[in-house]
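Colleague: Using only what follows, build the 3D model:
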Amino acid sequence: MTEFFAPNPLTLLYTGLWDILEARSEMTEGLVVEGNRIRYDKDRDPHKDNISTQDVPEILIAPEGLSGNLKSSSSSTSIVQAFGVRSSTADFRYNEFLAQVQWLLFGTLIDWRNNLGLLQWQGKSFVTSVQLITTTIGFSDIDEIQGDERKRGWADLMQFDVGMMFTSSDVALELANTI
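Modeller: The predicted structure is shown next:
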């Protein structure tokens, strides 16, 4: 984030998702090492050129789209931010990683009122809903840089939407102050 831009609900939400996940000991104590948590709010390009066995399991959270209602009511506006959480394992032991990550994400999302629901912008909570859309599981096929051996395992995409609502006057005031 540059000094020019103040945090806004979208940046607060993305960083908040990671902060909530990384506050869970299950995530930080061995499930996915820090360098394999791909964050789009810290590094300019967090992707690795070559993937080795030390680079998996890997997890990333990517914004996938935005929709909204500019006039939800006479005084409010709402948006829905879609996210995808992608996991890659290079390991077929479902119980060892993929099931653990899915359960951790599910538990974090189901408890959204006590984590994402506490995020504030302009002194007000703005997250109004979290909806799990779908989870798709398949196989990853990763080339190992130490040789010709291919590392295969599970790949997962968990998609969810986060609903947000703001007063139209707060949005207008914020935008007027940035121009």
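
Colleague: can you give me the strands for this protein?
Modeller: All strands of the chain, identified by DSSP state E, fall at 37-38, 58-69, 76-88, 120-121, 124-125, 127-143, 150-167.

Colleague: I'd like to know which of the ones you listed lies nearest to Leu10.
Modeller: Evaluated over these, closeness to Leu10 peaks at strand 76-88, with 6.4 Å, by Cβ to Cβ. Glycine gets a C-beta too; all of them are placed from N, C-alpha and C.

Colleague: just how off-centre is that closest one within its chain?
Modeller: Put simply, strand 76-88 sits 8 Å off its chain's centre (Cα atoms, centre = their mean, to the nearest Å).

Colleague: That one - contacts with which helices or strands?
Modeller: Counting contacts by 3 or more Cβ pairs under 8 Å, 6 or more residues apart in numbering; DSSP states H and E, strand 76-88 packs against helix 9-22, strand 58-69, helix 98-110, strand 127-143, strand 150-167, helix 168-178.

Colleague: okay if I get these as a markdown table plus distance to Phe92, mean neighbour count and mean pLDDT?
Modeller: Shown next, in a markdown table, are these (distance: least, Cβ to Cβ, whole Å; neighbours: other Cβ atoms under 10 Å; pLDDT from 0 to 100):
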| stretch | distance to Phe92 | mean neighbour count | mean pLDDT |
| --- | --- | --- | --- |
| helix 9-22 | 24 | 18 | 93 |
| strand 58-69 | 16 | 15 | 92 |
| helix 98-110 | 9 | 17 | 88 |
| strand 127-143 | 8 | 14 | 86 |
| strand 150-167 | 5 | 19 | 89 |
| helix 168-178 | 47 | 12 | 81 |
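
Colleague: Skip the chain neighbours and tell me the closest residue to Glu34.
Modeller: Distances taken as Cβ to Cβ, 6 or more residues apart in numbering place Thr28 nearest to Glu34, at 7.6 Å, with adjacent residues excluded.

Colleague: how far away is the one you found from Gln131?
Modeller: 26 Å (Cβ to Cβ, to the nearest Å).

Colleague: picking that back up, make sure the residue nearest to Glu34 is actually in contact with Trp18.
Modeller: No - contact criterion Cβ atoms under 8 Å: Thr28 and Trp18 do not qualify, at 11.3 Å.
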